[in-house]
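In: Show me the folded form of this:
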Amino acid sequence: MSKTLKIAVVGLGARGVGLLKLVIYNQKDIEVVAVCDTYEDRVKDMQALAKLKLRKEPRGYVDYKEIIEKEKDLDAVVIATSWEVHTNIAIDFMNAKIPVGIEVGGAYDINECYRILECYEKTKTPYMMLENCCYGELELSTLKMVQEGLFGDVVHCKGGYKHDLRDEIAFGKTNRHYRLEEYKKRNAEIYPTHSIGPISKILNITYGNKFDTLSSFASPSLGLKNYVATRKDKYPEIAYLENVKFTQGDIITTVITCANGETIELELDTTLPRHYSRGWEVRGTKATVTEELKKLYIDTDAKMRVKTKSLFYMKKKYPHRIWKWYRRKGVRGGHGGMDYLVLNAFFDAVRKGDGYMPIDVYESLTWMVVTALSAASIKEGGKPQEFPDFTKGAWKTRKQQGSGFYFLEK
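Out: Below you'll find the model as predicted:
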């Protein structure tokens, strides 16, 4: 494979544009040869941006299947479309033997996951979920401490997606954002991977450990209704939503049990007034880190005493080597720099060409299926749902390469 990777970006909404700009402005060894979106104006805008920056215009498409037919020397594709069409697009590219980096999103049903698995096992085309939070500074600092034994035995983890998205959802028609339709028709933990991804790395999920059961519970859905009712006079473009029934609960609480005994609590909280947080919390016998309190608590030899430190101290005292490198190189890109790191990891793995992905298909599917299981659990009043084992028992002996992140590893 050539040193310069030729890639396509499919899906040019806010997320796709963010990733595309990151490549255009920061990746000299990546050539964007094709961009695609069903909205032609988005395609033209990104072609113009690339030409302005790189003096070279990628070819534009409104049908991703034409990319597969016409771009014969493509090395990889980045898929950032709406959640609903992720799987079909990914499978088509995998069948064409084009490595897939896919944006986060939960599965609509278990069968969706099995379709991806069947395609992967038939084609062996690399598939990686681009879960940027696995490369967050706090998450990687925690992972380093856990791997070095500083947390002792980890027994419980928490995480969530806690983000006031009422404006993004309510103005979805105006902004052509898919999230609006999701909140009208679904009631589930629809965005689990920002937390369950890093937690899985902490607990070695699919590598000697696995998720056993899941139970989910939904609060009433009132936040968006109130948001529209109190703003429709000032913003008449959302008045049509006044009589729309939103099914997505304002708060989704999910509890997961693991084969090795650990427990996990997830919370989705996006339609009520609040501050942003991923609710990161890891509890071990020797230490606790909690994002909400912005503290690290470390056990000492003294009776009934712990050291209380700030998260700033933790990240400085226990930096993961990826972030040591990143600080020297210069942090850039969106979401505090995580986007650059996850894309770099994907491109690095594609370039190596050994088929290994730092977030592989088995991990990706295990995280995606959380959404499908939570929907089923909520419908059944919180009844526990059993996790499918996509590894077919191999989780007991599967080994990660290096630290499990590949990036910067020899």
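In: top helix in the chain by residue count?
Out: helix 361-379 (DSSP state H).
In: Show me what it packs onto, helices and strands only.
Out: helix 110-123, strand 127-129, helix 193-203, strand 211-218, strand 251-258, strand 385-386 (3 or more C-beta pairs under 8 Å, 6 or more residues apart in numbering; DSSP states H and E). All C-beta spots, glycine's among them, are computed from the backbone N, C-alpha and C.
In: 6 Å instead?
Out: helix 110-123, helix 193-203, strand 211-218, strand 385-386 (3 or more C-beta pairs under 6 Å, 6 or more residues apart in numbering; DSSP states H and E).
In: tell me how far it is from the chain's mean position?
Out: Distance, stretch centre to chain centre, for helix 361-379: 13 Å (C-alpha atoms, centre = their mean, to the nearest Å).
In: quick one, that helix and helix 193-203 angle?
Out: Here the directions of helix 361-379 and helix 193-203 differ by 120 degrees (axes from the mean of the first three to the mean of the last three C-alpha atoms, to 10 degrees).
In: for helix 361-379, which positions count as buried?
Out: For helix 361-379, the neighbour count (16 or more other C-beta atoms under 10 Å) marks 361-378 as buried.
In: And D212, how far from A259?
Out: 6 Å (C-beta to C-beta, to the nearest Å).
In: I meant to write I238 there.
Out: The gap separating I238 from A259 is 46 Å, by C-beta to C-beta.
In: Looking only at neighbour counts, state which of these two leads.
Out: More neighbours surround I238 than the other of I238 and A259, with 22 against 16 (other C-beta atoms under 10 Å).
In: Pull the contacting residues for the spatially most central residue of the chain.
Out: Central residue of the chain (C-alpha atoms, centre = their mean): E131, 3.2 Å from the mean position. Listed by C-beta atoms under 6 Å, 6 or more residues apart in numbering, the contact partners of E131 are V104, T193, G197, I359.
In: Rebuild those residues as a markdown table, extending it with pLDDT.
Out: Putting the contacts of E131 into a markdown table (pLDDT from 0 to 100) gives the following:
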| residue | pLDDT |
| --- | --- |
| V104 | 96 |
| T193 | 97 |
| G197 | 97 |
| I359 | 96 |
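In: I'd like the residues you listed laid out as CSV, including distance to H86 and neighbour count.
Out: Shown next, in CSV, are the contacts of E131 (distance: C-beta to C-beta, whole Å; neighbours: other C-beta atoms under 10 Å):
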residue, distance to H86, neighbour count
V104, 9, 23
T193, 12, 28
G197, 16, 26
I359, 15, 28
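In: And the strands in the stretch 251-400 of the chain?
Out: 251-258, 263-269, 281-284, 287-290, 295-299, 306-310, 385-386 (DSSP state E, counting those that start in this stretch).
In: which residues touch the second one?
Out: Which is strand 263-269. Outside strand 263-269, the residues that reach it (C-beta under 6 Å, 6+ apart) are 156-162, 189, 192, 195, 199, 251-257.
In: Counting neighbours, which of the residues you listed end up buried?
Out: By 16+ other C-beta under 10 Å, the contacts of strand 263-269 give 157-162, 189, 192, 195, 199, 251-257 as buried.
In: what pLDDT, on average, does stretch 16-35 get?
Out: Here stretch 16-35 scores 92 as its mean pLDDT.
In: Same check on stretch 244-255?
Out: Mean predicted confidence for stretch 244-255 is 98.
In: OK, contacts around D109?
Out: A372.
In: Please report how far it lies from R327.
Out: Remark: distance between D109 and R327 (C-beta to C-beta) = 42 Å.
In: Would you mind giving the domain segments of the chain?
Out: Recorded structural domains for the chain (assignment: automatic domain parsing) are 5-132, 136-319+360-396.
In: To F347, which of the ones you listed lies closest?
Out: domain 5-132 (5.9 Å; C-beta to C-beta).
In: what's the first-to-last distance across that closest one?
Out: 21 Å (C-alpha to C-alpha, to the nearest Å).
In: and the end-to-end length of stretch 207-220?
Out: Termini of stretch 207-220 sit 37 Å apart (C-alpha to C-alpha).
In: who's in contact with it?
Out: Taking C-beta under 6 Å, 6+ apart as the rule, stretch 207-220 contacts 187, 189, 203, 249-260, 373-374, 377-378, 382, 384-387, 395, 398, 400.
In: what does stretch 76-89 give?
Out: By C-beta under 6 Å, 6+ apart, stretch 76-89 touches 7-11, 15-16, 19, 64, 90, 93, 98-103, 105, 112, 178, 350.
In: now with 7 Å?
Out: 5, 7-11, 15-16, 19, 64, 90, 93, 98-103, 105, 112, 115-116, 178, 182, 350 (C-beta atoms under 7 Å, 6 or more residues apart in numbering).
In: that older thread, output the strands of the stretch 251-400 of the chain as CSV; include the columns distance to T142.
Out: Shown next, in CSV, are the strands of the stretch 251-400 of the chain (distance: least, C-beta to C-beta, whole Å):
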stretch, distance to T142
strand 251-258, 17
strand 263-269, 14
strand 281-284, 5
strand 287-290, 6
strand 295-299, 9
strand 306-310, 13
strand 385-386, 28
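In: quick one, which of those is nearest to D45?
Out: Short answer: strand 263-269, nearest of these by C-beta to C-beta, at 31.7 Å.
In: now the closest one: how far from the chain's centre is it?
Out: The answer for strand 263-269 is 15 Å, by C-alpha atoms, centre = their mean.
In: And for stretch 357-372?
Out: 10 Å.
In: With stretch 287-294 instead?
Out: Remark: stretch 287-294 is offset 21 Å from the chain centroid, using C-alpha atoms, centre = their mean.
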